[in-house]
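A.B. asks: fold the following.
(one chain, ligands or ions: 1)
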Amino acid sequence: MERLAGTRVLLGVSGGIAAYKAALVARLLVGAGATVDTVLTRGAERFIGVTTFEGLTGRPARVEVWEDVASETHVALGRAADVALIYPATAHVLAKLAGGLADDLLTTTLLAATCPVVVAPAMHTEMWQHAATRHNVEVLRGRGVLVVGPDDGVLMGGDSGPGRLVEPDVAVDAVVAALMSAGPAERDLDGVRLLVTAGGTREPIDPVRFLGNRSSGKMGFALAEVAASRGAKVTLVAGPTHLTAPAGVDRIDVVTAQEMYDAVMGRVDEVDVIVKAAAVADFRPSSTATSKLKKDAGVPSIDLVRNPDILADLGAQRGDADRPLLVGFAAETDEVEQAGRDKLARKGADLLVVNDVGASDAGFEVDTNRVLILDRDGTRSEVPLATKGEIAGTILDAVGARLRG
Ligand code: CTP
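C.D. replies: I've put the predicted structure just below:
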């Protein structure tokens, strides 16, 4: 079935060079079964014309408050929307939304909308990192707005850094996730202090080489994003990744398993929930060469030693206490459920999210996942193929249920 069948999406396009990508979003939304109303700012109209959107959506695309007033006012447009996506969202539009300003059709329509709102910021790094923008994003997130991206990557004019608009398919996934989550009013994790680890660790062999794994960090970052939008105070301990931390999340970058261990163990007393989505290297070279290993010196043999098992140590240290709540992940290829049950017991976790990493559309690097959530009380729930944002929502539902006892 089409993912957005029967859904009316308000697509807001604001004025940045990335506005051209909004045409692709319009196409994806229509392809997913949505009815799309496009509203452009005047700035957006200078980058991309309404005709493109009218052709793609088969519906009027509008810029001015003063047009078509009799048929479709901003109030009607806002009320009709099941979800709104602002793609791209400039720093200026974020500021206007945060301040509740309504000086054009897009902002008046959004003020009249009560549906979930997703914003995909795009701007230069300096603008994204400006205290004013950070504040505005915080305000919006506090209101339940889902902020997707920005990515870290190539920007206009050859610059590079955080501020790049997320790709169209990621924005559409966020629209689906926003519809599936309870919407702006859902703040069921308000005040919960949640630490999530994400990505893979790197264990250095010499100054240029390391042992690593295929984890991209997407699952852990999705958990951080969704938890923050549901009111949690999130600490994200991240291995090396190009992903940008969601605004308002406290990010701690680590490289090795030992650094991740120290970052997590040093915060155990400050958190209510620990979600170990990271793929931690189980082994590291017993020593790191200080100079690059040269091939003329022959094939090196690398001695490996065990890394600490962070989750197992958390479980052992907590013992019979009920906090922090511990959520583990397991990447399995065989006898997936039994292996998951064994790991849940062995590591002393409360919940274990089992990935079948043998499948090509789930697990490492891809945007979708299919998981089994095992609870230590013996219950299980299967989550069919869904985006990592949707899976994050389901995992956090299980966390919320456990926290409430
Ligand atoms: N984990 C951890 N520290 C490690 C290894 C794993 O905290 N050194 C955590 C992971 O973050 C994950 C869970 O343990 O939440 C299971 O990871 P997985 O790689 O599936 O399990 P392993 O412990 O490596 O077990 P095995 O090698 O037997 O599959």
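
A.B. asks: distance check, the closest residue to Val145 other than its chain neighbours against the ligand.
C.D. replies: Nearest non-adjacent residue to Val145, counting by Cβ to Cβ, 6 or more residues apart in numbering: Val117, 4.8 Å away. Where C-beta positions appear, they are placed from N, C-alpha and C, glycine not excepted. Val117 sits at a distance of 33 Å from the ligand (criterion: Cβ to the nearest ligand atom, to the nearest Å).

A.B. asks: next, give phi and psi for the residue in the stretch 51-200 of the chain that the ligand sits nearest to.
C.D. replies: Using Cβ to the nearest ligand atom, the closest approach of the stretch 51-200 of the chain to the ligand is made by Thr197 at 6.2 Å. Recorded main-chain torsions at Thr197 are phi -100, psi 150, according to degrees, to the nearest 10.

A.B. asks: that older thread, now for the residue nearest to Val145: which residues touch it?
C.D. replies: Applying Cβ atoms under 8 Å, 6 or more residues apart in numbering to Val117 gives the contacts 83-86, 97, 110, 140, 144-146, 178, 184.

A.B. asks: hang on, the earlier thing: next, count neighbours for the nearest residue in space to the residue of the stretch 51-200 of the chain closest to the ligand that is not next to it in sequence.
C.D. replies: In this structure, Thr197 finds its nearest non-sequential neighbour in Ala278, 3.7 Å apart by Cβ to Cβ, 6+ apart. Applying other Cβ atoms under 10 Å, we find 27 residues neighbouring Ala278.

A.B. asks: cool, and Glu2?
C.D. replies: With other Cβ under 10 Å as criterion, Glu2 counts 11.

A.B. asks: and it, what does it touch?
C.D. replies: The contact partners of Glu2, by Cβ under 8 Å, 6+ apart, come to 31-33.

A.B. asks: how about Ala321?
C.D. replies: Ala321 makes contact with no residue, according to Cβ under 8 Å, 6+ apart.

A.B. asks: just to revisit the earlier point, dig out what the residue nearest to Val145 forms beta bridges with.
C.D. replies: Ala84 (DSSP bridges).

A.B. asks: state the pLDDT value of it.
C.D. replies: For Val117, the pLDDT comes out at 95.

A.B. asks: would you list the phi and psi of Gln129?
C.D. replies: According to degrees, to the nearest 10, Gln129 has phi -90, psi 0.

A.B. asks: so it is in contact with Pro162, correct?
C.D. replies: Yes: at 7.2 Å, Gln129 and Pro162 qualify as touching, with contact defined as Cβ atoms under 8 Å.

A.B. asks: more neighbours: which of these two?
C.D. replies: Per other Cβ under 10 Å, whichever of Gln129 and Pro162 has more neighbours is Pro162, with 20 against 13.

A.B. asks: isn't there a helix covering that one?
C.D. replies: No: Pro162 is assigned strand when assessed by DSSP: H, G, I helix; E, B strand; the rest coil, not a helix.

A.B. asks: the longest helix along the chain packs against which elements?
C.D. replies: Ranked by number of residues, the top helix in the chain under DSSP state H is helix 388-403. The contact analysis (3 or more Cβ pairs under 8 Å, 6 or more residues apart in numbering; DSSP states H and E) places helix 388-403 against helix 168-180, helix 218-229, strand 273-276, strand 325-332, strand 351-356, strand 368-375, strand 380-387.

A.B. asks: need the residues that contact it.
C.D. replies: 173-174, 176-177, 180-181, 188-189, 192, 194, 218-219, 222-223, 225-227, 230, 272-273, 275, 325, 327, 350-351, 353, 367-369, 371, 373, 375, 381, 383, 386.

A.B. asks: touching the ligand at all, it?
C.D. replies: No: if you take Cβ under 6 Å from any ligand atom as the test, helix 388-403 misses the ligand, and the best it gets is 11.9 Å.

A.B. asks: now that helix against helix 168-180, angle please.
C.D. replies: Calculated by axes from the mean of the first three to the mean of the last three Cα atoms, to 10 degrees, helix 388-403 forms an angle of 30 degrees with helix 168-180.

A.B. asks: now stretch 3-19: how far from the chain's centre is it?
C.D. replies: Relative to its chain's centre, stretch 3-19 lies at 19 Å (Cα atoms, centre = their mean, to the nearest Å).

A.B. asks: that older thread, for Val255, which of the helices and strands packed on helix 388-403 is the nearest?
C.D. replies: helix 218-229 (15.3 Å; Cβ to Cβ).

A.B. asks: give the next helix or strand downstream of the closest one.
C.D. replies: Next helix or strand after helix 218-229 toward the C-terminus (DSSP states H and E): strand 233-238.

A.B. asks: sorry, back to before: so can I have JSON lines of the helices and strands packed on helix 388-403 showing mean neighbour count, distance to the ligand and mean pLDDT?
C.D. replies: Output for the helices and strands packed on helix 388-403, formatted as JSON lines (neighbours: other Cβ atoms under 10 Å; distance: least, Cβ to the nearest ligand atom, whole Å; pLDDT from 0 to 100):
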{"stretch": "helix 168-180", "mean neighbour count": "22", "distance to the ligand": "22", "mean pLDDT": "88"}
{"stretch": "helix 218-229", "mean neighbour count": "28", "distance to the ligand": "9", "mean pLDDT": "90"}
{"stretch": "strand 273-276", "mean neighbour count": "28", "distance to the ligand": "3", "mean pLDDT": "98"}
{"stretch": "strand 325-332", "mean neighbour count": "22", "distance to the ligand": "4", "mean pLDDT": "94"}
{"stretch": "strand 351-356", "mean neighbour count": "24", "distance to the ligand": "8", "mean pLDDT": "91"}
{"stretch": "strand 368-375", "mean neighbour count": "21", "distance to the ligand": "12", "mean pLDDT": "88"}
{"stretch": "strand 380-387", "mean neighbour count": "15", "distance to the ligand": "17", "mean pLDDT": "85"}
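
A.B. asks: may I see the buried residues of the lowest-mean-pLDDT helix or strand in the chain?
C.D. replies: Across the helices and strands of the chain, mean pLDDT, DSSP states H and E gives its lowest value to helix 74-80, namely a mean of 82. For helix 74-80, the neighbour count (16 or more other Cβ atoms under 10 Å) marks 74, 77-78, 80 as buried.
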